[in-house]
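S.K.: here is a sequence with its predicted model. Questions after.
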Amino acid sequence: MRDPFSLFDLTGKVACITGSSSGLGRRAAHVLAAAGAYVVGVARRAEALDSLCAEIGDAAAGVAADVADRSNIAALVAQVSDPFGAPDILIHAAGINTRETADDVTAEGWDKTLALNLTAPFFLSQAMVPAMKRKGWGRIVNFASLQTTRAFPGGIAYGATKGGIAQLTRAMAEAWSPIGITANAIGPGFFPTELTAAVFGDEERAARNAAQTCIGRNGRMEDMDGPILFLCSEASSYVTGQVLMVDGGFTAK
């Protein structure tokens, strides 16, 4: 029997993480680097990527780009693959929530939300899968949400994309898992990130959200470490097409 801890060893693997300038994407970069992976962060803010690389060290590189720009996908893949080689792991943490109510949704807001939250994860994955196929190994981790299954006020566009992420994840698994590439999604509850700043800035609202969970509190950044490492490692080799809710039991109530 092999050492069970070796299942989580990512030494020599290359991970690409979108939305890694802040929040859960940045946390994921630190977690995978600590497990031995080379990490390439992708985000629009170059300065934030520079600070991330400074924190991690020589095992990290940054690529400043807009992943929603489909015309730049091929160039982006080349840039991401340049520092350490083609990625074995792809995490789609970039996202946006315009928080427009159903009556006020604009075409611009709708298109922007779908482009970043749903379209980019597919086309970037499609472009990186060939290299994973050649290796016979790959991990794709999408980001779902509480709104994958729940309707929130002002979340119609965001919720539509996160509902779509669940089906996209299953379809990716059906297409690519026979050749060693697993595709799963993580559905975070309420974590203190830039995207949820308005929620945590309202103490009463944050308390209501905490009370909705089975555990009785909102998420802490470290709560995401284990699930991310699990889905990106050999430990999850027989897990694919799944949405793992990391929400303290919010969706169980």
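M.R.: Cool, got the structure.
S.K.: could you give the number of residues near the nearest residue to residue 46 once chain neighbours are set aside?
M.R.: The shortest distance from residue 46 to any non-neighbouring residue, by Cβ to Cβ, 6 or more residues apart in numbering, is to residue 64 (4.0 Å). In this view, the C-beta of every residue, glycine as well, is placed from N, C-alpha and C. Per other Cβ atoms under 10 Å, the neighbour tally for residue 64 reads 16.
S.K.: now residue 220
M.R.: Neighbour number of residue 220 under other Cβ under 10 Å is 11.
S.K.: that one contacts residue 190, doesn't it?
M.R.: No - Residue 220 is beyond contact range of residue 190, at 10.6 Å (criterion: Cβ atoms under 8 Å).
S.K.: output the lowest-mean-pLDDT helix or strand in the chain as CSV, restricted to C-alpha atoms.
M.R.: Within the chain, no helix or strand scores below helix 197-200, which has a mean of 85 by mean pLDDT, DSSP states H and E. Coordinates of the C-alpha atoms in helix 197-200 are reproduced here as CSV (Å, rounded to 0.1, in the frame of the first residue of the first chain):
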residue,chain,number,x,y,z
ALA,A,197,-17.2,42.5,0.4
ALA,A,198,-20.7,44.0,0.5
VAL,A,199,-22.0,40.9,2.3
PHE,A,200,-19.3,40.9,5.0
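S.K.: picking that back up, ramachandran coordinates for the residue nearest to residue 46?
M.R.: With angles defined as degrees, to the nearest 10, residue 64 sits at phi -80, psi 120.
S.K.: for the remainder of this discussion, apply numbering that starts at 458.
M.R.: Fine by me, first position is 458 from now on; the one you just mentioned is residue 521.
S.K.: from residue 490, how far off is it?
M.R.: 19 Å (Cβ to Cβ, to the nearest Å).
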